[in-house]
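Asker: Predicted coordinates and the sequence they were generated for:
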Amino acid sequence: MILEESFYSRATVQVASDLIGCLLVRTLDLDGKRQRLAGVIVETEAYGHADDPASHACKGMTRRNEAMFGRVGRSYVYFTYGSHHCLNVSARSPEAAAGAVLIRGIEPLEGVEEMNRFRQVGDMRLLASGPGRLTQAMQITLDHNGVDMTDPRSGLCILGGSKRSVAATARIGITKAAERPWRFVDPQSPFLSRKARSYS
DNA sequence: CGCTCGATATTCT
DNA sequence: GAATATCGAGCGA
């Protein structure tokens, strides 16, 4: 079942937690045919609005972060550190003005060989565990910023999955308000990066 | 293992 | 000019 707007129209932190165990699906044309790349989401982080100093939206809307203020269930893709893309889904309760969930890692499930063509790793645990690795494996770029992830035709969507164990931890890779327990992982997944595991 | 560092777009000061 | 929601290479123990 594809996740609808109603799923994303709830508190950002709640959505981030509920996304653990769901299936991230990317469809693209590869070698002249339709290819499905998919994996189970095992690591997410919630980012808020003015109340969250670590959020890109904390200082208001810019050209880059406008997807965090738009309709929920849209992708927010940004380019950072001069070399990496990161994928978020906009999600917030109706009374909030902005919010998104950073998808930090998946367990590769479908199209594993095709994903590894873009990554060239020997250890499958390094294929898509980490926000930059995930976007490289799934070929997600700024071209996919603002797409409707509740529409299966957009090439990027999330399907509901089976329940998994979920643990809340501090957020990673930030200095402001990092102590908030807004990062969620499936602690039993063998596909967490070593760094991701060390923070669990 | 663990630590340091370079790459370098976007935003903010 | 400085900081950043990252990654991987290179180095030393």
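Answerer: Here it is on my side, so go on.

Asker: which intervals of chain A have sub-threshold pLDDT?
Answerer: Within chain A, the stretches with pLDDT under 70 are A:194-195, A:197-200.

Asker: Please identify the buried residues of stretch A:170-185?
Answerer: Buried residues in stretch A:170-185, counted by 16 or more other Cβ atoms under 10 Å: A:171-172, A:177, A:180, A:182-185. From N, CA and C alone the C-beta is placed, and that goes for glycine too.

Asker: Contacts only, for the residue nearest the centre of chain A.
Answerer: Nearest to the mean C-alpha position of chain A, by Cα atoms, centre = their mean, lies residue A:103 at 1.8 Å. Counting by Cβ atoms under 8 Å, 6 or more residues apart in numbering, residue A:103 touches A:19, A:24, A:41, A:43-44, A:87-89, A:131, A:134.

Asker: Looking at these, which is nearest DNA strand B?
Answerer: Comparing the contacts of residue A:103 against DNA strand B with Cβ to the nearest atom of the strand places residue A:131 closest, at 13.2 Å.

Asker: on that earlier part again, which SS state does the residue nearest to the centre of chain A fall under?
Answerer: Put simply, residue A:103 is strand when judged by DSSP: H, G, I helix; E, B strand; the rest coil.

Asker: Tell me how far it lies from residue A:13.
Answerer: For residue A:103, the distance to residue A:13 equals 15 Å [Cβ to Cβ, to the nearest Å].

Asker: same check, this time on residue A:37
Answerer: 28 Å.

Asker: now swap in residue A:162 and tell me
Answerer: 21 Å.

Asker: Counting neighbours, go ahead and name the busier of these two.
Answerer: residue A:13 (23 against 8; other Cβ atoms under 10 Å).

Asker: contacting residues around the more buried one?
Answerer: A:46, A:182.

Asker: What's the local residue count around the residue in chain A positioned nearest to DNA strand B?
Answerer: Proximity of chain A to DNA strand B (Cβ to the nearest atom of the strand) peaks at residue A:82, 2.2 Å away. Neighbours of residue A:82 under the rule other Cβ under 10 Å: 5.

Asker: same thing with residue A:15?
Answerer: For residue A:15, the neighbour count with other Cβ under 10 Å is 26.

Asker: three-state assignment of it?
Answerer: helix.

Asker: could you list every residue that touches the closest residue to it other than its chain neighbours?
Answerer: Closest residue in space to residue A:15, ignoring its immediate chain neighbours: residue A:91 at 4.0 Å, by Cβ to Cβ, 6 or more residues apart in numbering. By Cβ under 8 Å, 6+ apart, the contact set of residue A:91 is A:8-10, A:12, A:15-16, A:72-73, A:99-101.
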